[in-house]
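[1] Need a 3D model of the sequence below.
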Amino acid sequence: MYSHGEIPEFRRRFRYLVAVVFLSFIILAARLCQLQIIDAGTYRQFAENNFVQERKLTSIRGRIRDRRGRLLADNRRSFNVYFRPKLLTKESLERTISLLSLQPDEAERIRTRVARKRGRKLGRRRLLIRDISRQRLAALETYGHELVGIEIVAASQRHYPNGNLGAHLLGYMNEINAKELKTKKGETYQVGDLVGRFGIERMYETHLRGVAGRQRLVVDAHGRKKQGVEMASVQRGMARIEPVPGQTVFLTVDLELQRVVERALRRHESGALVVVEVNSGRILAAASRPAFDPNAMSGRLTTKEAKRLLNDPHRPMIDKVFREHYYPGSIYKPVSAIAAIEENSIKWSDTIKCKGWHSFGRRLFRCSHAHDKVDLHQAIVESCNVYFYDLAEKVGMDAMAQHARRFGFGAPTGLGLNGEVSGFIPTKEWYARRKIPFRIGFTLNTAIGQGSTKVTPIQAALFYAALGNGGTLYVPQIVERMEDDKGQVLSRLRVRVRRRLGITPDTLNRVREALHGVVQDDKGTAYASRINGLEVSGKTGTAQVVKRQSNKTYWQKDHAWFAGYAPSDNPKIALAVVIEHGGKAAKVAVPIAMEVFSSYYKFVQNRQGDSK
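    Numbering: from 1, shown residues only. Sure, this is the predicted structure:
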């Protein structure tokens with residue numbers, strides 16, 4: 001029994017206890033309200049993530065076609081192997097490696113890749129190996145129940161049906177890296193995605209890749225898709241969004257002519273050739289030799305092959321049409337001639353006597369042989385260096401540089417493909433900046449395309465195209481149009497004029513007459529390789545090459561050049577070809593150019609015959 005004094009104390013404590021219990025129920029009710037009502041969506045998502053996964057549906061990459069619609073880059077069905085770090089066991093990984101029959105170095109790379117992903121977003125699947133063979137696919141599917149954490153996903157693999165034909169133009173693809181993923185945040189790229197690395201594949205990446213879709217799936221505890229399961233949570237917010245295929249890119253390139261160009265270069269280890277339309281600047285063919293195999297580069301490139309490409313002294317990974325510049329030799333002489341005439345430094349009728357050398361101070365500047373008495377026309381036709389040495393003293397380096405830049409040299413053409421370089425046109429000011437005492441000999445060498453002068457094959461081709469079309473320098477064009485997957489034209493790229501050369505009509509006509517004589521005159525340097533029934537105009541160039549090593553200078557075999565256009569009276573195409581260390585241009589570069597001109601016009605005649 002409680003005494004009278006204990007009863008009030010008991011009641012007071014009882015009230016406290018009731019208050020605590022009541023407050024606890026209030027807190028519990030509030031928490032339940034938060035979990036079940038306020039944060040219900042969040043926790044429902046967490047729950048669903050345990051059995052519902054959202055997977056990216058990769059879009060089909062757009063095809064690349066030539067100007068007549070023939071396939072240059074396509075897609076083929078392939079199978080990739082993925083793993084989930086959260087589920088993959090060591091036993092499962094080793095079993096997978098065994099079934100794939102991998103080489104020891106490749107197996108070790110895969111183990112390293114798996115180890116790096118431990119602890120990073122463990123539930124997301126990661127690429128293990130790309131594009132497995134049908135035989136390996138069958139092995140994995142046979143023992144699939146043993147391979148916990150391993151998934152096989154059907155995909156499309158880039159395929160180049162013509163092998164390494166046009167490799168530098170088309171480019172290749174490989175896996176996106178971590179740095180790029182950060183810079184491309186928000187562009188739906190994921191680990192394991194392939195991106196364009198070179199050529200058109202890189203330049204038009206955003207157009208070719210399309211737009212990815214997504215799919216929500218119900219999966220079991222091992223991450224495998226559960227068949228025949230329908231859930232409202234999956235349907236909510238659309239269970240599947242279809243990907244949008246990439247655009248088809250039509251190039252200005254002609255596949256037949258590209259074959260001819262690469263066949264013409266096949267006898268030489270290193271060189272470049274580019275063909276353009278005279279009246280538009282469209283690139284009809286471009287080849288850099290040696291080339292790489294874009295199928296191998298876009299697939300699982302072996303370590304051995306990668307080392308071979310990187311260590312090849314002929315640099316197959318450099319596009320020599322755009323990214324390499326050379327001493328142009330005598331193909332540069334029309335630039336010097338035009339500068340001298342337009343600056344009124346000489347007249348076409350001015351003559352000199354070539355004894356086979358030009359004396360300046362105590363130094364002799366050599367010519368190929370003694371040409372006797374020559375004027376400017378003959379000096380271009382017969383490629384007389386002595387005439388141009390004399391011309392150089394009168395016109396000066398800076399005047400030649402000013403005209404050369406107006407003709408497109410010393411700056412990129414504007415195409416922006418494969419890291420195009422500018423070439424180089426020297427000036428007196430450039431030598432002064434480098435604290436090199438200027439000598440007139442620099443000017444003499446510049447006039448014949450030697451010294452410090454460098455040009456790219458695409459610059460040379462466009463300059464000669466401008467001479468052929470009457471003085472219009474175009475921005476080169478490589479893409480004709482783009483279409484969607486239904487064949488609807490989305491955009492057409494228009495011809496762009498870079499500038500007018502600004503040459504007087506008389507000077508232009510006389511230069512063209514001289515270039516015609518180079519091939520058609522019996523004293524011309526390219527006369528021996530002329531084509532019966534097709535008159536070609538152009539200029540040969542044999543550029544001396546030196547190699548400096550350990551303060552010593554080594555003379556190497558000359559680069560062989562030819563640049564020109566055809567037909568002479570109404571030009572349609574122009575080209576430039578350079579063979580590295582090929583020797584004499586007349587014996588090496590000119591026959592290659594004539595083979596291309598001849599083949600092109602046979603194509604034209606055949607197509608005209610087909611259309612009748």
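[2] Low-confidence ranges, the stretch 401-550 of the chain, go.
    Applying pLDDT under 70 to the stretch 401-550 of the chain flags residues 547-550.
[3] hey, where'd the strands end up in it?
    Ranges of strands within the stretch 401-550 of the chain are 472-475, 479-483, 489-492, 496-500, 537-549, based on DSSP state E, counting those that start in this stretch.
[4] check contacts around His314.
    Taking Cβ atoms under 8 Å, 6 or more residues apart in numbering as the criterion, His314 is in contact with Glu269, Ser270, Arg289, Pro290, Glu580. Where you see a C-beta, it was placed from the backbone N, CA and C, and this is true even at glycine.
[5] List just the nearest of those residues to Leu508.
    Proximity of these to Leu508 (Cβ to Cβ) peaks at Glu580, which lies at 31.4 Å.
[6] How many residues are close by the closest one?
    22 (other Cβ atoms under 10 Å).
[7] Hmm, it is touching Leu273, no?
    No. Using Cβ atoms under 8 Å, Glu580 is not in contact with Leu273; the gap is 12.0 Å.
[8] other SSEs contacting the longest helix anywhere in the chain?
    When the chain is parsed with DSSP state H, its longest helix is helix 6-33. Judged by 3 or more Cβ pairs under 8 Å, 6 or more residues apart in numbering; DSSP states H and E, helix 6-33 is in contact with no other helix or strand.
[9] domain assignment for the protein?
    6-49, 255-611 (automatic domain parsing).
[10] Could you list the low-pLDDT ranges of the stretch 151-300 of the chain?
    In the predicted model of the stretch 151-300 of the chain, residues 186, 217-238 satisfy pLDDT under 70.
[11] Which residue ranges of it form helices?
    Along the stretch 151-300 of the chain, the segments classed as helices by DSSP state H, counting those that start in this stretch run 167-170, 178-183, 199-203, 205-208, 232-235, 255-265, 294-298.
[12] go on, the stretch 351-500 of the chain?
    376-382, 385-395, 397-406, 428-433, 440-447, 457-469.
[13] contacting residues for Leu194?
    Arg158, Met173, Asn174, Glu175, Ile176, Ser298.
[14] For those residues, pick the one with the most neighbours.
    Neighbour max across those (other Cβ under 10 Å) = Arg158, 26 neighbours.
[15] how far away is Arg498 from Pro243?
    Going from Arg498 to Pro243 by Cβ to Cβ, to the nearest Å gives 39 Å.
[16] just to revisit the earlier point, make TSV out of the helices of the stretch 151-300 of the chain and add distance to Ile352.
    Below are the helices of the stretch 151-300 of the chain laid out as TSV (distance: least, Cβ to Cβ, whole Å):
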stretch	distance to Ile352
helix 167-170	43
helix 178-183	59
helix 199-203	47
helix 205-208	55
helix 232-235	88
helix 255-265	37
helix 294-298	52
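[17] tell me the most buried of the ones you listed?
    Greatest average neighbour count among the helices of the stretch 151-300 of the chain goes to helix 167-170 (a mean of 26), per mean count of other Cβ atoms under 10 Å.
[18] And the contacts of that helix?
    64, 72-73, 160, 198-201, 251, 253, 286-288, 291-294, 319, 321, 417-418, 478.
[19] Doesn't Pro571 belong to a helix?
    No. Going by DSSP: H, G, I helix; E, B strand; the rest coil, the assignment for Pro571 is coil, not a helix.
[20] ok, it - contacts?
    The neighbourhood of Pro571, defined by Cβ under 8 Å, 6+ apart, consists of Val278, Ala465, Gly468, Asn469, Ser537, Tyr565.
[21] Let's see if you can find the most crowded of the residues you listed.
    Ala465 (29 neighbours).
[22] Contacts only, for that one.
    Taking Cβ under 8 Å, 6+ apart, one finds Val276, Glu277, Val278, Gly281, Tyr474, Tyr565, Pro571, Ala574 in contact with Ala465.
[23] The second one: neighbour count?
    To tie it back to what came earlier, the one meant is Glu277. When neighbours are defined as other Cβ under 10 Å, Glu277 has 20 of them.
[24] I figured it hits Tyr600, correct?
    No. Contact criterion Cβ under 8 Å: Glu277 and Tyr600 do not qualify, at 10.8 Å.
[25] which residues do the two both contact?
    Common neighbours of Glu277 and Tyr600 (Cβ under 8 Å, 6+ apart) are Leu284, Ile573.
[26] Point to the residue nearest the middle of the protein.
    Gly199 (1.9 Å; Cα atoms, centre = their mean).
[27] Spit out the contact partners of it.
    With Cβ under 8 Å, 6+ apart, Gly199 has these contacts: Ala167, His168, Leu169, Leu170, Gly171, Tyr172, Asp319, Leu417, Asn418.
[28] For those residues, give me TSV that also has distance to His403.
    Listed next are the contacts of Gly199 as TSV, based on distance: Cβ to Cβ, whole Å:
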residue	distance to His403
Ala167	36
His168	31
Leu169	31
Leu170	36
Gly171	35
Tyr172	39
Asp319	28
Leu417	26
Asn418	28
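[29] and of those, the nearest to Glu393?
    Glu393 lies nearest to Asp319 out of these, by Cβ to Cβ, at 37.6 Å.
[30] quick check, the closest one in a helix?
    No. Looking at Asp319 with three-state DSSP, it is coil, so not inside a helix.
[31] Go ahead and confirm it touches Asn418.
    Yes. Using Cβ under 8 Å, Asp319 is in contact with Asn418, at 4.1 Å.
[32] where do the contact lists of these two overlap?
    Counting by Cβ under 8 Å, 6+ apart, the contacts common to Asp319 and Asn418 are His168, Phe198, Gly199.
[33] Val335: which of those is nearest?
    Nearest to Val335, judged by Cβ to Cβ, of the shared contacts of Asp319 and Asn418 is His168 at 26.8 Å.
[34] Run the angle between the longest strand seen in the chain and helix 457-469 for me.
    In the chain, taking DSSP state E as the definition, the longest strand is strand 552-566. Strand 552-566 and helix 457-469 are oriented at 40 degrees to each other (axes from the mean of the first three to the mean of the last three Cα atoms, to 10 degrees).
[35] on contacts alone, who are the packing partners of strand 552-566?
    Here strand 552-566 touches helix 457-469, helix 505-520, strand 537-549, strand 573-579, helix 589-611, going by 3+ Cβ pairs under 8 Å, 6+ apart.
[36] hmm, 7 Å instead?
    The elements that strand 552-566 packs onto, with contact taken as 3 or more Cβ pairs under 7 Å, 6 or more residues apart in numbering; DSSP states H and E, are helix 457-469, strand 537-549, strand 573-579, helix 589-611.
[37] Cool, thanks, talk later.
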